[in-house]
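Student: A predicted structure for the sequence below; I have some questions about it.
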Amino acid sequence: MHHTLGLNRRHLLAGLAFAATARAATGQAPDANTLFNDSVSLLFAAKPKESAESFDALVKLRPQIEPELWQRGLALYYADRFADGVAQFERHKEVNPADVENVTWHFACLAREKDVDTARKQLLAVGNDARVPMKEVLDLYRGQGSVEKVLAAADGGSESARRNQRCYAHLYLGLLAEAEGDAVEAQQQMVLAAGKYSMDHFMGKIARLHCTVRGWKVPQ
C-alpha cells in the first residue's frame, strides 16, 4: 500500500514486539507479534480464510491497533468477507487518509458486497497521493479517466520506476475489472502485475497471490 505504510508497519511491529516481550515474560500466549506474523504468512500461503481468522484474533487481543491493519483488509477480501473488508478499510482511512490504494480495496469490497454503482457513490475521500500512477488509478475508479491514461502515466520515469509503476497499474486495473465482473480483463491485467512486471514487495506478492487463489497461470 502507500509508502508511509512501511513506516506505520515498522512502528506497529515495534509495538507488537514490545507486547510480545511483556507477554512472554509472564508465560502468556498467543502474543500479538506472533499473531501478526502468522496472519501475513497464512495470507501469502494462499490461505486467506485462516489469515483473516488470525487477524481477527489479533484485533481481539489488541483492538487499538485495528485501524493500522490494512493487511487484514486484504485477507478479508480474499476470504470473501467483503462487508468486514469495507469496515477495515474505512477504519484504515482514519490513520492513512491519503492512500489511493486504500480507496481501491474499499471499492472492491463494496462492489462485491453490493454493486459497482454503490461502490462508486461511496468512494472514500482521499488526500493527495503523489505516487505514479495513483492519480490516474483514482480517476478510473471514480468512473473518469481511462486504462490508457493509467498505463501512460505508469510508463514515465526511469526503467526501474516504470517496472514498479506498471506492477501497481496492472494490479489495480485487474482489481477494478474483477469488481466490475470482467473476469477475462481481470486475469489479463493481474497476470501482467504478477508476471511480466512482478515486484518482490508486499503488493507485488499480492498480485501473485491473487493469481494463485483465482487459479490463473502466470508465465515464468
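Tutor: Arrived safely.

Student: Can you tell me which residue is spatially central in this protein?
Tutor: Computing the C-alpha centroid of the chain and ranking residues by Cα atoms, centre = their mean puts Leu74 first, at 4.9 Å.

Student: Report the secondary structure element holding it.
Tutor: Using DSSP states H and E, Leu74 sits within helix 70-78.

Student: which other residues reach that helix?
Tutor: 1, 5, 39-40, 42-43, 48, 51-52, 55, 58-59, 66, 82, 84-85, 88-89, 92, 96, 102, 105-106, 108-109, 112, 202, 206, 209-210, 213 (Cβ atoms under 8 Å, 6 or more residues apart in numbering). To be clear about C-beta, it is placed using only N, CA and C from the backbone, and glycine gets the same treatment.

Student: Can you give the distance of the following helix or strand past that helix from its chain's centre?
Tutor: The helix or strand immediately downstream of helix 70-78 is helix 82-93, counting by DSSP H and E. Offset of helix 82-93 from its chain centre (Cα atoms, centre = their mean, to the nearest Å): 11 Å.

Student: Need the pLDDT of Gln220.
Tutor: Reading off the confidence values, Gln220 has pLDDT 81.

Student: burial of the residue nearest to it when sequence neighbours are not counted, as a residue count?
Tutor: The shortest distance from Gln220 to any non-neighbouring residue, by Cβ to Cβ, 6 or more residues apart in numbering, is to Gly195 (7.7 Å). Burial of Gly195 is recorded as 18 neighbouring residues (other Cβ atoms under 10 Å).
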